[in-house]
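> model this:
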Amino acid sequence: MAIRRHNPTTPSQRFITTTDFSDLTKKKPEKALLSVKKKNAGRNAQGRITVRHKGGGNRQKYRLVDFRRKHDNVPATVKAIEYDPNRSANIALLHYLDGAKSYILAPVGLNVGDKVMSGEEVEVKVGNCMPMKNIPVGSVLHNIEMRPGQGAKIARSAGISARLMAKEGNYATLKMPSGEMRMVPIVCRATLGQVGNTDHEIVSIGKAGRHRHMGVRPSVRGVVMNPIDHPHGGGEGKSPVGMPSPVTPWGKPALGYKTRNKKKASNKFIISRAK
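Have a look, this model is predicted:
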């Protein structure tokens, strides 16, 4: 997709950029592959806000994306490339030879009319899904499982990919999008190629209203709050943070503090951390 700039007819239009959606071939989604998406505005089951700055936003329906790709050895044809409001990547509508339909993430280079397949012994080409034991070392992958049969968890955002660096014993070594080197069971499935919509990261939101349409509420700086509301709060007029480094509303360091549990069981699969 190309990036579209707007004439500066208002101050906010001067900075807005949008994608031109030239890659999309179908506007309305497949009704059978839609699900209700309830809004919770960042609240948990007790009604308490556990994720701040969420609320409002446009009404959306969830697209049932197939992250498992378990429809094995049945050829599928790409019938359309569609927009998905729930993710940064576009999705591809597949029609299988046996009549089934599903959505998958649309990788770079996948076009309407292309054939894709999933299974143990399928051709190594963009859009095909197979266990990593059958994928050549050095391949670019996305939609990668962390546990066999669990469904893909790694490399699902627009423009993202991981690289298969090595295969040894029961594990494959992946170079993650962050630069982290990590081992994953070699029988886990992955899809060939890089996730599409690579221009997503250079889109400029441009104005507050577009963020409100996405369900993002305003964020207030701690230094303008009262002391009871934030550790940075209080003081007469403009005041500094007043401590060695900024902290969160709950007193944890906000910059460079590692939050990952040091006893997490999956730490043993990480060979080297992200730079």
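> all contacts plus neighbour counts: C-alpha atoms, from now on.
Will do.
> Just give me the neighbour total for Leu174.
With neighbours defined by other CA atoms under 10 Å, the count for Leu174 comes to 25.
> now the strands for the stretch 51-200 of the chain?
Applying DSSP state E, counting those that start in this stretch to the stretch 51-200 of the chain gives strands spanning 61-63, 76-82, 91-96, 101-105, 115-116, 129-131, 140-142, 144-145, 152-154, 162-168, 171-175, 181-185, 189-192.
> Gly242 is nearest to which of the ones you listed?
strand 181-185 (38.3 Å; CA to CA).
> mind checking how far the closest one is from the chain centre?
In this view, strand 181-185 has its centroid 19 Å away from the chain centroid, taken as CA atoms, centre = their mean, to the nearest Å.
> So what are the sheet partners of that strand and their directions?
Next to strand 181-185 in the sheet, as set by DSSP bridges, lie strand 171-175 (antiparallel), strand 270-272 (antiparallel).
> Give me whichever of these is most buried.
Most buried of those, by mean neighbour count (mean count of other CA atoms under 10 Å): strand 171-175, with a mean of 21.
> From the rest of the structure, what touches it?
Residues from elsewhere that reach strand 171-175 (CA atoms under 8 Å, 6 or more residues apart in numbering): 132-133, 162-167, 181-186.
> Output these as JSON lines; include the columns distance to Thr50 and neighbour count.
Below are these laid out as JSON lines (distance: CA to CA, whole Å; neighbours: other CA atoms under 10 Å):
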{"residue": "Met132", "distance to Thr50": "37", "neighbour count": "27"}
{"residue": "Lys133", "distance to Thr50": "40", "neighbour count": "19"}
{"residue": "Ala162", "distance to Thr50": "31", "neighbour count": "28"}
{"residue": "Arg163", "distance to Thr50": "35", "neighbour count": "21"}
{"residue": "Leu164", "distance to Thr50": "36", "neighbour count": "20"}
{"residue": "Met165", "distance to Thr50": "38", "neighbour count": "17"}
{"residue": "Ala166", "distance to Thr50": "40", "neighbour count": "14"}
{"residue": "Lys167", "distance to Thr50": "40", "neighbour count": "19"}
{"residue": "Met181", "distance to Thr50": "31", "neighbour count": "20"}
{"residue": "Arg182", "distance to Thr50": "30", "neighbour count": "20"}
{"residue": "Met183", "distance to Thr50": "32", "neighbour count": "22"}
{"residue": "Val184", "distance to Thr50": "31", "neighbour count": "20"}
{"residue": "Pro185", "distance to Thr50": "33", "neighbour count": "21"}
{"residue": "Ile186", "distance to Thr50": "36", "neighbour count": "22"}
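> Throw those residues into a markdown table and include pLDDT and distance to Lys31, thanks.
Shown next, in a markdown table, are these (pLDDT from 0 to 100; distance: CA to CA, whole Å):
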| residue | pLDDT | distance to Lys31 |
| --- | --- | --- |
| Met132 | 92 | 33 |
| Lys133 | 91 | 36 |
| Ala162 | 94 | 32 |
| Arg163 | 95 | 35 |
| Leu164 | 93 | 36 |
| Met165 | 93 | 40 |
| Ala166 | 92 | 41 |
| Lys167 | 92 | 41 |
| Met181 | 94 | 40 |
| Arg182 | 94 | 38 |
| Met183 | 94 | 38 |
| Val184 | 94 | 35 |
| Pro185 | 94 | 36 |
| Ile186 | 94 | 36 |
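> rewinding a little: tell me which of the strands of the stretch 51-200 of the chain sits nearest to Val224.
Nearest of the strands of the stretch 51-200 of the chain (CA to CA): strand 61-63, 37.3 Å.
> From the contact counts, what lies against the closest one?
strand 34-36 (3 or more CA pairs under 8 Å, 6 or more residues apart in numbering; DSSP states H and E).
> Note down every partner strand of the strand it packs on and its orientation.
When sheet partners are counted by DSSP bridges, strand 34-36 sits next to strand 61-63 (antiparallel).
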